[in-house]
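Chemist: Here's a sequence, model it:
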Amino acid sequence: MIDFMSYADEFKEMFTDTWLTPRGVTFSEGFAITSLMKHYDVDIMIESGVAYGGSLEMIAKCRPENIVIGIDTFKAYSDSLEYAKKRLHNYGNVRIVVGDSLKVLPAILNEASKDLNFGIFIDGPKGDLAVDFGHYLYDNDPRIKFMCIHDIWHDTPQATLCRKDFDNVIFTDEPDGVFAEARNEIDSHMLKINKELCSPSKSSLNPEEGLGYFQTTMEEYPYGFGMAMIERP
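Modeler: From the prediction side, this is the model:
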């Protein structure tokens, strides 16, 4: 099993900007994904559900050696595609694909070399459909070394479904779970920096206006938004 704490110092040194993107992931959740990428030495990371590119930028910045593909219809938020493209245009390892992940993601896997290893992050679709989609991908492609499914808390029906469908599941929000020490280390560190810079604020796509959103988020969701992490045995 991965030792998340062994990657904590690297992440803390790399991330000093504490602005949290609306409709994105917490810092500890982004840390979990990038740590799994390093641990499993994946070649390509695929994200289903880009929105405004918060998690995609975190992944691309932390793991520049990896190809990072983000897939989204960009229909949920009318300004999201333009925003994500502008935000990510300086990252040479990022490729944004406009389309339905349910169709595009399997097609990418089918066309890719058999020698490549993948990590998958499902941040859309949501709920049972996300778990079913993840189960389909995971069962049909051994090149997928790990998978993360966002917006799943450890005590929900979707978590029960994950435990039924997958052998090795860790939930980022479990208060005393496997990830608890790393979650506390990362989010406490980033929160301390953020409090030195600003007061709590509402979310905003303008970093100057929304810098304190991280504080607001941690007050409302002290364990994060919830994410299931599935590791290949």
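Chemist: Helices along the protein, start to end?
Modeler: Taking DSSP state H as the criterion, the chain carries its helices at 8-14, 27-40, 54-62, 80-88, 101-111, 127-140, 157-165, 180-197, 207-210, 213-220.
Chemist: Contacts for the first one, please.
Modeler: Under the contact criterion C-beta atoms under 8 Å, 6 or more residues apart in numbering, helix 8-14 has outside partners 31, 34-35, 61-62, 182, 185-186, 189-190. In this view, the C-beta of every residue, glycine as well, is placed from N, C-alpha and C.
Chemist: related to what we said a few turns ago, want to throw the helices of the chain into a markdown table with distance to residue 119 and mean neighbour count?
Modeler: A markdown table is the format used below for the helices of the chain (distance: least, C-beta to C-beta, whole Å; neighbours: other C-beta atoms under 10 Å):
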| stretch | distance to residue 119 | mean neighbour count |
| --- | --- | --- |
| helix 8-14 | 16 | 15 |
| helix 27-40 | 5 | 24 |
| helix 54-62 | 9 | 23 |
| helix 80-88 | 18 | 17 |
| helix 101-111 | 12 | 15 |
| helix 127-140 | 11 | 17 |
| helix 157-165 | 17 | 16 |
| helix 180-197 | 17 | 17 |
| helix 207-210 | 27 | 14 |
| helix 213-220 | 24 | 18 |
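Chemist: will you turn those into TSV that also has mean pLDDT?
Modeler: Below are the helices of the chain laid out as TSV (pLDDT from 0 to 100):
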stretch	mean pLDDT
helix 8-14	97
helix 27-40	98
helix 54-62	96
helix 80-88	97
helix 101-111	97
helix 127-140	97
helix 157-165	96
helix 180-197	98
helix 207-210	95
helix 213-220	97
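Chemist: Since that was my last question, I'll sign off now.
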